[in-house]
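A.B. asks: this one's sequence-less:
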């Protein structure tokens, strides 16, 4: 494994190795010295063309806990705003000797392109509406921690599937790991190709909820929408939002996940977001351990 | 701890009665000899630490962990003292990480109460170059501040590359660098034996390389 570009590239053994490594590395957060010397002398570049708080700080903290040197690079305030292309930026970073490049870009496939231009490992931290593999891995990690196993787990992914890279990565990864995924969305918010994905599709949240172990809510990505996909926020929320009443109809052990950022009152009510069955902050904490595992496995060896 | 005690005697009694010795290797310690060596080490630990009240045993994965547990059971039998026992994985502290593809991590379990002001006895199967122990010392420094750190090994095969020595040794075994010392324990390999054989290539293409060699 040299790059992490797509959750679909991982086979079951590789994915399990990443999750197992992450559970060992989770202990580092409880120690007095929260640092390991493993990546000392290696350089990780965070190349962020899109806004992000969670993912960028998570990658930064993960790399620092492994003693790597971290360079943060965001499109704002860099030569990108002067018109530099992705390739030229990549070659600049290459010349500076980056061992790993974490890239987030608004164009699908940006990470894949980058992997042909640089010698170091490329980690996809979200490319357009395509993939976000570390998010899927940390979601799987959180499910495994909470519910014990992924085999046979019934996962409903609800909301704006069309613009979501999290949904695609989760479908691919969770299927590899033996879970059964059902996508729930209004027909207008499902991608055309969804029929070829290894999952079920439903338009009716209420029929899916009682038979789900995990319900993953997705944010409606208004910033990627250039036409109207549903009549009104109120109607969307009524049909596809998770409120306390719907939470009550889920099985008792079932958990609610959200990749963040949450829009309270839209896809998730404040009551559900603050409930102990909602794993949002846990997902963030797990994100650091998981990204440490990925950085170690990609950059730690020869 | 208590629950394990009952089964401990059985497991150790059966194992190693007839060690299966693969071709080209010879057994330098059999099951009963391993047991005797561990019993002696347990007594030495108690003597040297004046009753072992402050002792914490940390096994280095993979085979140091069952050895540490066996030592703890012996100490409990002799002194009726439950010694905190855990494991310390040193993978992230190795100095040769860049020479091989990234390895899977072993378990690190630090007993409740931590390591501050304890006498930590590191337990490993074979002491060779000393690099594993160096890594373990670095790892310990990040986990707490023990009052003292000691080292117990089942086999010391020589060829140190660092100024490190063991406090408790099961058997000193002079070896050639062309030889390989293979510790097998019933917990991990279904038999108790220490085997001496020709070195396997580090690249691991040799057919019989069914397990990683701890160095």
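C.D. replies: Everything's here; your move. Please read these numbers as outputs of a predicted model, since none were measured by experiment.

A.B. asks: what's the closest non-adjacent residue to residue A:71?
C.D. replies: residue A:45 (4.8 Å; C-beta to C-beta, 6 or more residues apart in numbering or on different chains). All C-beta spots, glycine's among them, are computed from the backbone N, C-alpha and C.

A.B. asks: Just confirm that neighbour is within a strand.
C.D. replies: Yes. Membership of residue A:45 in a strand is supported by DSSP: H, G, I helix; E, B strand; the rest coil.

A.B. asks: got a list of what it touches?
C.D. replies: A:70, A:71, A:73, A:93, A:98, A:100, A:101, A:102 (C-beta atoms under 8 Å, 6 or more residues apart in numbering or on different chains).

A.B. asks: Type out the ChimeraX command that picks the buried ones from those.
C.D. replies: The following ChimeraX selection, which keeps only the buried ones among the contacts of residue A:45, applies the criterion 16 or more other C-beta atoms under 10 Å in any protein chain shown:
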select /A:70,73,93,98,100,101,102
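
A.B. asks: Show me where chain B has its strands.
C.D. replies: Under the criterion DSSP state E, chain B contains strands at B:26-30, B:55-59, B:85-87, B:119-127, B:148-156, B:168-172, B:179-184, B:193-198.

A.B. asks: Would you format those strands as CSV with mean neighbour count and mean pLDDT included?
C.D. replies: As requested, those are exported to CSV (neighbours: other C-beta atoms under 10 Å in any protein chain shown; pLDDT from 0 to 100):
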stretch, mean neighbour count, mean pLDDT
strand B:26-30, 18, 92
strand B:55-59, 27, 98
strand B:85-87, 22, 97
strand B:119-127, 26, 97
strand B:148-156, 22, 97
strand B:168-172, 19, 97
strand B:179-184, 22, 94
strand B:193-198, 20, 93
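
A.B. asks: The ones you listed: which one's closest to chain A?
C.D. replies: strand B:85-87 (11.0 Å; C-beta to the nearest C-beta).

A.B. asks: So which elements touch that closest one?
C.D. replies: For strand B:85-87, the packing partners by 3 or more C-beta pairs under 8 Å, 6 or more residues apart in numbering or on different chains; DSSP states H and E come out as strand B:55-59, helix B:64-79.

A.B. asks: partner strands of the first one, parallel or antiparallel?
C.D. replies: By that I understand strand B:55-59. strand B:85-87 (parallel), strand B:119-127 (parallel) (DSSP bridges).

A.B. asks: Need those strands in TSV (columns: distance to residue A:170).
C.D. replies: Shown next, in TSV, are the strands paired with strand B:55-59 (distance: least, C-beta to C-beta, whole Å):
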stretch	distance to residue A:170
strand B:85-87	33
strand B:119-127	41
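
A.B. asks: what's near enough to touch residue A:174?
C.D. replies: A:136, A:139, A:140, A:150, A:153, A:155, A:181.

A.B. asks: Give me the contacts around the helix or strand where residue A:23 lies.
C.D. replies: Residue A:23 belongs to helix A:12-25 when assigned by DSSP states H and E. Helix A:12-25 is contacted from outside by A:1, A:10, A:36, A:137-138, A:140-141, A:144-145, A:173, A:176-178, A:286, A:289-290, A:292-294, A:296-297, B:89, B:104-108, using C-beta under 8 Å, 6+ apart.

A.B. asks: what comes up buried for stretch A:152-166?
C.D. replies: For stretch A:152-166, by 16+ other C-beta under 10 Å, it's A:153-166.

A.B. asks: now for the residues you listed, which pair is the farthest apart?
C.D. replies: A:153 and A:163 (24.9 Å; C-beta to C-beta).

A.B. asks: Up against chain B, what does the stretch 151-300 of chain A have?
C.D. replies: A:296, A:297, A:298, A:300 (C-beta under 8 Å from any C-beta of the partner chain).

A.B. asks: count of residues packed around the residue lying closest to the last one once chain neighbours are set aside?
C.D. replies: Taking C-beta to C-beta, 6+ apart, and ignoring the residues beside it in sequence, residue A:300 has residue B:102 as its nearest neighbour in space, at 4.3 Å. By the other C-beta atoms under 10 Å in any protein chain shown criterion, the neighbourhood of residue B:102 contains 21 residues.

A.B. asks: Lovely, talk soon.
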